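> structure for this input, please:
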Amino acid sequence: MTSTPNSLITYAAPEGAVGNSDFTVRVRQGHGEWRELFCYNVKVDMHDVRNASMVYFDCAGAVEVEVTKNGGEIGDAAIRPASAGIQGVVNGNRVTFTIDGPRKLSLEVDGDRFHNLHIFANPIEEDAPNPADSGVFVIRSGNHHMEQLQSLISPEISVIYFEPGMHILKQPQLRIPSGVTIYVAGGAVVAGAFVCDRVQDVTIRGRGIVYMSDFEKTTYYRAVEIMFSTNVAIEGLIVVDPPHYTVLIGKSENITIRNIKSFSTRGWSDGIDMMSSAHVDVDDVFLRTSDDCIAIYGSRWDYQGDTRDITVRNSVLWADVAHPMNVGGHGNHDKGDIVENILFENIDVLEHHEPQPYYWGCLSINCGDNNTVRNVTYRNIRIEQFELGQLIDIRVLFNPKYNPCPGFRVENIFFDNIAFNGTCDNPSVIAGFDDSRIVKGVKFRNLRINDRHILSPESGNIRIGEHAYDVSFT
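Sure, this is the predicted structure:
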């Protein structure tokens, strides 16, 4: 579908979708008719699991949003990320505001970040599959047995199309063959997971929801697994409460992830984790996770080898637990891996909360397992007030819980235009492990804390530990 200058698409929720009645949300363009959105329930924060709200729609051009709190007056309404520059107008139990186009936002009433409203305004889809076209296999709503589904996927099928409605995959993991597109339409909710194992040229896309709250934690299902595969794209989906990662990327390359949104509340329910992979582009995602939002490792489990050429950009990261961005923790400890050429760019960090000091750091390189981590750039990162942790943690370390041996080296790390607005008494840390396992070459350009330009470690509450060299500020 080609976008027009102004367009607004909303989707009805399927029967059986789990809703949340905290808010009533309506949207419109110009002076058009208001359209009410279904508020989905999403669980957040492993520390104390609570129910928040989420709405989604597609748009091009400006959209007016009206939110009514159904349980009392609104004293104050914050719309984040702050970088969006959106101010709401509060009147009684109602707040209205206008967005200029696609956005990923959190509306928080009276400072409540745990019963908040998440608003996902997607761009208009382009080139969405047509269910009437040849080669498109349409799956009607209902319960689906995997053997039957997979037996119907013939070589002539190029698109598996989950139509609007509720879909229950009775054997929850759908294995996708090469050359196939999985399409989850807006208004569809799929209780299941997708597996790409030794395949190529696969796309998983749509505007619907992958709903995983009813799966036991011990299944360790991920919403999408990409293993030993090439040329895989994920776009547009919303993932609710996966038992493990939202996306696993293992020993794969040429992977593109765009405009996915995810919420998790289980132990080790990271957002996007990549191991021994290359050429991964993550763009325009919203991850609210109960472990690392983004984790970039070397070897782990069956996935062996270096990791390089990773980009994460234009995204919103909300770590209810652990790190928003974490690099270097796992590798092949016998020989060490190279983890290199990584770019984090244009990112808003909305939360970092970790009770264990060893796992602090909004921007974290924890180099273990004889790894070398090098050529990592953090550019145009905006960090808002977070609950518990520290701003920066760059270390060669030995973590006996996960690492049989320390890391080897961290070098050529560049922080460019980083802004933190808030208070954090815990110092940032840059430190090596010993004389042969060092950190070297950490450059800060335009690091600002509460709009104060930081030109020394002391002024930024940064502790330069032993075996760290060539740390500079401009």
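> quick one: mean pLDDT for stretch 246-255?
Mean pLDDT, stretch 246-255: 98.
> same thing with stretch 139-149?
91.
> kindly report the same for stretch 25-37.
Mean predicted confidence for stretch 25-37 is 97.
> quick one: buried residues of that stretch?
25-27, 29, 37 (16 or more other C-beta atoms under 10 Å). C-beta here means a position set from N, CA and C on the backbone, and glycine is covered the same way.
> what residues are up against residue 326?
The contact partners of residue 326, by C-beta atoms under 8 Å, 6 or more residues apart in numbering, come to 292, 294-296, 361, 364-366.
> can you pick the most crowded of those?
residue 365 (30 neighbours; other C-beta atoms under 10 Å).
> looking at the contacts of residue 326, which is nearest residue 162?
Nearest to residue 162 among the contacts of residue 326 is residue 294, at 27.2 Å by C-beta to C-beta.
> just give me the neighbour total for the nearest residue to that closest one once chain neighbours are set aside.
Leaving aside its sequence neighbours, residue 294 sits nearest to residue 325 (C-beta to C-beta, 6 or more residues apart in numbering; 5.1 Å). Using other C-beta under 10 Å, residue 325 has 26 other residues around it.
> who's in contact with the nearest residue to residue 230 once chain neighbours are set aside?
Leaving aside its sequence neighbours, residue 230 sits nearest to residue 200 (C-beta to C-beta, 6+ apart; 4.7 Å). Residue 200 is in contact with 178-179, 229-232, counting by C-beta under 8 Å, 6+ apart.
> give me the buried subset of those residues.
For those, buried by 16+ other C-beta under 10 Å: 229-232.
> okay, and which of these map to helices?
Among these, no member falls in helices (criterion: DSSP state H).
> ok, now how distant is the closest residue to residue 433 other than its chain neighbours from residue 53?
Closest residue to residue 433 apart from its sequence neighbours, by C-beta to C-beta, 6+ apart: residue 396 at 4.3 Å. Residue 396 sits 42 Å away from residue 53, going by C-beta to C-beta, to the nearest Å.
> check residue 10 too.
16 Å.
> please apply the same query to residue 204.
Taken as C-beta to C-beta, the span from residue 204 to residue 53 is 25 Å.
> quick check: bridge partners of the residue lying closest to residue 251 once chain neighbours are set aside?
Distance criterion C-beta to C-beta, 6+ apart; nearest residue to residue 251, sequence neighbours excluded, is residue 303 at 4.2 Å. On the basis of DSSP bridges, residue 303 is bridged to residue 300.
> who's in contact with residue 422?
383-386, 450.
> how about a cut-off of 7 Å?
For residue 422, the contacting residues are 384-386, by C-beta atoms under 7 Å, 6 or more residues apart in numbering.
> possible to save these as JSON lines with pLDDT and secondary structure?
Converted to JSON lines, those look like this (pLDDT from 0 to 100; DSSP: H, G, I helix; E, B strand; the rest coil):
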{"residue": "384", "pLDDT": "98", "secondary structure": "strand"}
{"residue": "385", "pLDDT": "98", "secondary structure": "coil"}
{"residue": "386", "pLDDT": "98", "secondary structure": "coil"}
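> show me which of these are buried.
Buried, going by 16+ other C-beta under 10 Å: 384, 386, out of those.
> now do residue 82 against residue 348, distance only.
Residue 82 is 8 Å from residue 348, by C-beta to C-beta.
> swap in residue 303?
From residue 303 to residue 348 the distance is 30 Å (C-beta to C-beta).
> now swap in residue 135 and tell me
40 Å.
> quick one: classify residue 257 as helix, strand or coil.
Classification of residue 257 by DSSP: H, G, I helix; E, B strand; the rest coil places it in strand.
> thought it was touching residue 274?
No - the pair residue 257 and residue 274 fails to qualify as a contact (C-beta atoms under 7 Å) at a distance of 9.9 Å.
> residue 16 touches residue 167, doesn't it?
No - in this structure residue 16 lies outside contact range of residue 167 using C-beta under 7 Å: 10.3 Å.
> ok, residue 59 touching residue 98?
No - assessed by C-beta under 7 Å, residue 59 is found out of contact with residue 98, at 11.3 Å.
> higher neighbour count, these two?
residue 59 (23 against 13).
> where does that one fall, secondary structure wise?
For residue 59, the host element (DSSP states H and E) is strand 50-60.
> helices and strands around that strand, which ones?
Helices and strands touching strand 50-60, by 3 or more C-beta pairs under 7 Å, 6 or more residues apart in numbering; DSSP states H and E, are strand 7-9, strand 23-28, strand 40-44, strand 117-123.
> what about it, distance to the chain center?
15 Å (C-alpha atoms, centre = their mean, to the nearest Å).
> can you give me the pLDDT of residue 219?
96.
> burial of the nearest residue to it once chain neighbours are set aside, as a residue count?
The shortest distance from residue 219 to any non-neighbouring residue, by C-beta to C-beta, 6+ apart, is to residue 243 (5.2 Å). Residue 243: 22 surrounding residues under other C-beta under 10 Å.
> same deal with residue 132?
Residue 132 has 7 nearby residues by other C-beta under 10 Å.
> and it, how far from residue 144?
Taken as C-beta to C-beta, the span from residue 132 to residue 144 is 21 Å.
> residue 259 too?
26 Å.
> the strands in the stretch 351-474 of the chain, which residues?
Counting by DSSP state E, counting those that start in this stretch, the stretch 351-474 of the chain has strands at residues 363-367, 372-384, 392-396, 409-421, 428-431, 438-449, 452-453, 462-464, 468-473.
> just want the angle from the first one to strand 372-384.
Going back to what we said before, that points to strand 363-367. Angle of strand 363-367 versus strand 372-384, following axes from the mean of the first three to the mean of the last three C-alpha atoms, to 10 degrees, is 160 degrees.
> so what's the model's average confidence on strand 363-367?
98.
> do the same with the fourth one
Strand 409-421 shows a mean pLDDT of 98 in the predicted model.
> quick one: the helices in the stretch 1-150 of the chain?
Assigned helices in the stretch 1-150 of the chain, in chain order: 146-151 (criterion: DSSP state H, counting those that start in this stretch).
> give me the beta-bridge partners of the residue nearest to residue 433?
Going by DSSP bridges, residue 396 forms beta bridges with residue 367.
> ok, now which ones touch it?
Applying C-beta under 7 Å, 6+ apart, the residues near residue 396 are 367, 406-407, 409-410, 432-433, 437-439.
> now do 6 Å
Neighbouring residues of residue 396 by C-beta atoms under 6 Å, 6 or more residues apart in numbering: 367, 407, 410, 432-433, 437.
> columns neighbour count on top of these, output as JSON lines?
Listed next are the contacts of residue 396 as JSON lines, based on neighbours: other C-beta atoms under 10 Å:
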{"residue": "367", "neighbour count": "31"}
{"residue": "407", "neighbour count": "32"}
{"residue": "410", "neighbour count": "32"}
{"residue": "432", "neighbour count": "24"}
{"residue": "433", "neighbour count": "23"}
{"residue": "437", "neighbour count": "20"}
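> can you list those in CSV and add distance to residue 106?
Listed next are these as CSV, based on distance: C-beta to C-beta, whole Å:
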residue, distance to residue 106
367, 32
407, 35
410, 33
432, 38
433, 38
437, 40
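> tell me the one of these nearest residue 466?
Among the contacts of residue 396, and counting by C-beta to C-beta, the member closest to residue 466 is residue 432, at 6.5 Å.
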